[in-house]
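Asker: coords please:
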Amino acid sequence: MKKLFLTLAVALICVCAQAQVKGDVGVGLNLSYGTEISNIGIGVKGQYNFTDAIRGEVSFDYFLKKDGNKMWDVNVNAHYLFSVAEKFKVYPLVGLTYANCSWDYDLSDLMQGYEGDEETSGSSSEGRFGVNLGAGASYDITSKIAINFEIKYQIISNYNQVVFGIGAAYRF
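Answerer: Down below sits the predicted model:
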């Protein structure tokens, strides 16, 4: 068992060492639409190419407030890039998300005539972890700038949603 653990640890160190030697780093902006929140989101992302085919991405999206509801999420996704043409790639994505939803409420109309100390208005929020599954496509405008389209399904208890996104990234 110790030999197996040692072998896996050495293999992981070798993979990580190679990942730091090779790869592009990029930063970008996103514009999203979430079906559960039914509104537009704006976001930022950071990317790292571990190999020519495997890319990691961390992103943050803030969905604008609508009808007293707002949402933000943090995502960590992996992309496996398939080169379709010289500048065009498609990819499946899989990852994790943490989403936080908040909402305002006003129960004063329902509570008319009630003599109690309960609050009739306020706000509440809830955060949950979930899974992202989806696909995307990217097109290299130049060697440093790429645009992308992405669709992902966020599986989060109580508020699963489809997120459509477009974005741009600058590679260093």
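Asker: partner residues bridging residue 76?
Answerer: residue 58, residue 96 (DSSP bridges).
Asker: tell me the pLDDT of it.
Answerer: The model reports residue 76 with a pLDDT of 99.
Asker: could you do residue 11 as well?
Answerer: 45.
Asker: now do residue 154
Answerer: In this model, residue 154 carries a pLDDT of 96.
Asker: for residue 86, same thing?
Answerer: Reported pLDDT at residue 86 in the predicted model: 92.
Asker: ok, now residue 20?
Answerer: 27.
Asker: check residue 101 too.
Answerer: 88.
Asker: tell me the contacts of it?
Answerer: Contacts for residue 101 (Cβ atoms under 8 Å, 6 or more residues apart in numbering) come out as 37, 69-71, 125-127, 159. Bear in mind the C-beta positions are built from the backbone N, C-alpha and C, glycine included.
Asker: gap between residue 128 and residue 170?
Answerer: 32 Å (Cβ to Cβ, to the nearest Å).
Asker: can you show me the helices along this protein?
Answerer: Here the chain has its helices, by DSSP state H, at 2-21.
Asker: just the strands in it please.
Answerer: Along the chain, the segments classed as strands by DSSP state E run 25-34, 39-49, 54-66, 69-80, 82-83, 88-106, 121-140, 145-155, 161-171.
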